[in-house]
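> no sequence on this one, just coordinates:
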DNA sequence: GTATTCATCCCCGAAAACAGGTATTTAAAA
DNA sequence: TTTTAAATACCTGTTTTCGGGGATGAATAC
């Protein structure tokens, strides 16, 4: 049984290349090609009865881009797979697409073999991402996690250290020549910032970080 | 200049042996021998002007024993050295004597050479204890320290663990199916027992002991 | 040059912790 | 068997923490 494909890309050259690859394979039936996402949306909306297996789309297109198109398709209940093919691969684009359940992502400079493999994989129900894309995605994820790493200011470290050394708010205020309200604020902020519940949590954090022994 | 000695021992055989050893040394002058401590006390009390350098005494004697005698001698201002010689060496006896500033302690089965060495050492102003006695004393000290080590009961460990896991008193009570008053008691006892000031201290202890990570 | 972060200070009310006891029952140890 | 230790529970206060706000000046970053 043939699979029905739709292709959206505003670069004629790339579109032709892709078509020539797909035409060597007898199992793919190109239903429709479009220059931007809006056309694809319209086509899908009209042909409600037609089985559409896969939409291959570029990211950068006039009017309705690939990101929007993918999101739109995944919001239908038609079980249409999506394969995004792009020239520029920013982490933001990849992130957004994966967040919206895209089925695959390739760079445009991919080889014929990889295109066919990606399409096959996706039609088989699995996801396909090129190695480069996976790397970009993960690298970005790690960096974001790093950003999420809680950074305490000098003062906060001072305060949490003294807290873990069993001093009360008032005592810490006296030692640092600050108002007790200030220390209270620090304690409160630390509890929120470090996502703990109380002194015990603060103390554990301080020990883990080596602020106290 | 000869040193003046007094010997107290209710075992004639040992007394004779000791005398024979000391008589081979021309520098010791045996002032007096007694069968129990009371006689020594009386002798010392009466002869206030006489220089008495050393009292060698047994521990187990009728009426006034060696421990009492040592204590009594050390309470005078006569600077009289004491050497205790005993058959049975319990840590309690050794402890008590050292506590009361005894100058030496030997086992009765010591060799002639050790006796002489002990006496010389003591008369020279230093303390002398046989190796065995030192070992018994230290071993006992270590054990007592171990006893002093704070031991938490099973329940206390449970409670301090939960405290360090940032649960409140009420939450811990609920988890252990106990009254919140009970947990409050535990928290309070722990603070006292572990000599800390607050939750932070309890948490640090729990971490050090590996109750939480 | 404006937005954000840092350091600082303040208020309030509820909840929890802290300090200082006492008391009962049970189990273990001396 | 008497004493001691452990586990449990309660009472009365005071202090501290916690969670929710808001505010301001100075420095830093974009």
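Cool, got the structure. Every value quoted in this text rests on a predicted model; they were computed, and no experiment measured them.
> where does the residue positioned nearest the centre of chain A land in three-state SS?
Per CA atoms, centre = their mean, the C-alpha nearest to the average position across chain A is that of residue A:95, at 2.0 Å. Here residue A:95 takes the helix state, with states given by DSSP: H, G, I helix; E, B strand; the rest coil.
> try the one 10 residues further on
Under three-state DSSP, residue A:105 falls in the strand class.
> thought it was touching residue A:90?
No - using CB atoms under 8 Å, residue A:105 makes no contact with residue A:90, being 11.9 Å away. To be clear about C-beta, it is placed using only N, CA and C from the backbone, and glycine gets the same treatment.
> So which residues on chain A come close to DNA strand D?
By CB under 7 Å from any atom of the strand, the residues of chain A that approach DNA strand D are A:163, A:168-170, A:184-185, A:187-188, A:191, A:197-199, A:202.
> For the spatially closest residue to residue A:53 that is not a sequence neighbour, what are phi and psi?
Excluding the flanking residues, the one nearest residue A:53 by CB to CB, 6 or more residues apart in numbering or on different chains is residue A:3, at 4.3 Å. Phi and psi for residue A:3, reported as degrees, to the nearest 10, are phi -100, psi 140.
> cool, and the one 10 residues further on?
When read as degrees, to the nearest 10, the backbone of residue A:13 gives phi -60, psi -50.
> So residue A:59 sits against residue A:94, correct?
No - at 9.8 Å, residue A:59 and residue A:94 do not qualify as touching, with contact defined as CB under 8 Å.
> So which of those two has more stuff around it?
residue A:59 (25 against 21; other CB atoms under 10 Å in any protein chain shown).
> Quick one, grab the pLDDT at that one.
At residue A:59, the pLDDT value in this model is 92.
> ok, now residue A:145?
55.
> if we can go back for a sec, neighbour count winner among residue A:105 and residue A:90?
Comparing residue A:105 with residue A:90 by other CB under 10 Å, the one with more neighbours is residue A:105, at 28 against 12.
> now the more buried one: how far from residue A:69?
14 Å (CB to CB, to the nearest Å).
> swap in residue A:109?
Taking CB to CB, one finds residue A:109 at 22 Å from residue A:69.
> How many neighbouring residues does residue A:159 have?
Under the neighbour criterion other CB under 10 Å, residue A:159 is assigned a count of 27.
> Name the residues of the host helix or strand of it that are buried.
When elements are assigned from DSSP states H and E, residue A:159 belongs to helix A:154-164. For helix A:154-164, the neighbour count (16 or more other CB atoms under 10 Å in any protein chain shown) marks A:156, A:158, A:159, A:160, A:161, A:162, A:163, A:164 as buried.
> go on, stretch A:183-203?
A:183, A:186-187, A:190-191, A:193-194, A:196, A:198-203.
> avg pLDDT for that stretch?
pLDDT averaged over stretch A:183-203 gives 90.
> Just the endpoints, please. Distance across that stretch?
Separation of the first and last residues of stretch A:183-203 by CA to CA, to the nearest Å is 15 Å.
> One more: stretch A:84-98?
Start-to-end, stretch A:84-98 (CA to CA) is 11 Å.
> Mind checking which of the buried residues of stretch A:183-203 land in helices?
Mapping the buried residues of stretch A:183-203 onto helices (DSSP state H) picks out A:183, A:186, A:187, A:190, A:191, A:193, A:199, A:200, A:201, A:202, A:203.
> wait, what's in contact with the first one?
With contact set as CB atoms under 8 Å, 6 or more residues apart in numbering or on different chains, residue A:183 has these partners: A:159, A:169, A:170, A:172, A:173, A:176.
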